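Novice: after the sequence you'll find the predicted model.
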Amino acid sequence: GDRVKRYGQLLETEARRLGEMVERVLQYAGIESGLAKGSRVPLVPTDIIEGAIESAITLFEPESVTIERDFIQDPPAVLGDAAALRSAVQNLIANAVKYGGRDRWVGIKIEHGRQRRRPEVWITVSDHGDGIPASELPHIFDPFYRGADAVARQIHGNGLGLSLVRKIVAAHGGRVTVTTRAGAGSSFTIA
């Protein structure tokens with residue numbers, strides 16, 4: 001009975017992973033064909049993040065993940081496609097949990113920024129992981145690229161997450177940057 005239950009759970013997990021992968025590939029294709037330019041509405045950054053946390057958490061045991069929020073009061077609205085932006089942030093959160101080290105800590109920050117005198121909202125997702133090796137940094141946003149560590153540790157993934165994040169952010173006229181320190185973690189900022 002136990003073995004059957006285990007197989008059942010395994011199948012369920014794999015089916016969900018496959019579903020997610022198919023969804024990502026479809027999203028990717030959609031963004032490639034410019035679908036993301038469709039619905040632009042004013043969005044509250046906090047809502048996007050809370051929605052992203054909710055959907056990312058379903059991939060893990062919520063009680064094993066610590067999420068630390070550091071949000072400015074009443075961040076200005078951003079114009080965009082809610083589902084796409086939520087998906088971008090969700091990808092960053094899921095990565096932070098997957099690669100973020102044993103404490104499973106994720107820090108999420110909303111800040112005010114300025115770029116060419118225009119006010120901006122910056123969203124940063126950080127982890128306490130081992131950091132990204134310098135040799136891999138230039139490639140992490142490439143479609144289907146998987147770091148040596150992910151492969152060695154058999155971390156599930158298809159290498160589409162970060163390329164999707166970059167595509168979504170670029171479709172919104174923004175940029176995504178990363179800072180990383182060996183043994184101290186990584187931070188991804190959407191601006």
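Specialist: Sure thing, it's come through.
Novice: now do residue 138 against residue 78, distance only.
Specialist: The gap separating residue 138 from residue 78 is 28 Å, by Cβ to Cβ, to the nearest Å. To be clear about C-beta, it is placed using only N, CA and C from the backbone, and glycine gets the same treatment.
Novice: please identify which of the two sits among more neighbours.
Specialist: residue 78 (20 against 9; other Cβ atoms under 10 Å).
Novice: that one and residue 142, how far apart?
Specialist: Residue 78 is 26 Å from residue 142, by Cβ to Cβ.
Novice: also residue 101?
Specialist: For residue 101 relative to residue 142 (Cβ to Cβ), the value is 24 Å.
Novice: looking at the two, which is more packed in?
Specialist: Shown here are residue 101 and residue 142; by other Cβ under 10 Å, residue 101 has more neighbours (16 against 12).
Novice: the more buried one belongs to a strand?
Specialist: No. Going by DSSP: H, G, I helix; E, B strand; the rest coil, the assignment for residue 101 is coil, not a strand.
Novice: is it true that it touches residue 128?
Specialist: Yes. Counting by Cβ atoms under 8 Å, residue 128 is a contact partner of residue 101 at 4.6 Å.
Novice: so what's residue 43 bridging to?
Specialist: residue 78 (DSSP bridges).
Novice: isn't it up against residue 85?
Specialist: Yes. With contact defined as Cβ under 8 Å, residue 43 counts as touching residue 85 (6.8 Å).
Novice: now do the shared contacts for the two.
Specialist: Residues within reach of residue 43 and of residue 85 at once, by Cβ atoms under 8 Å, 6 or more residues apart in numbering, are residue 78.
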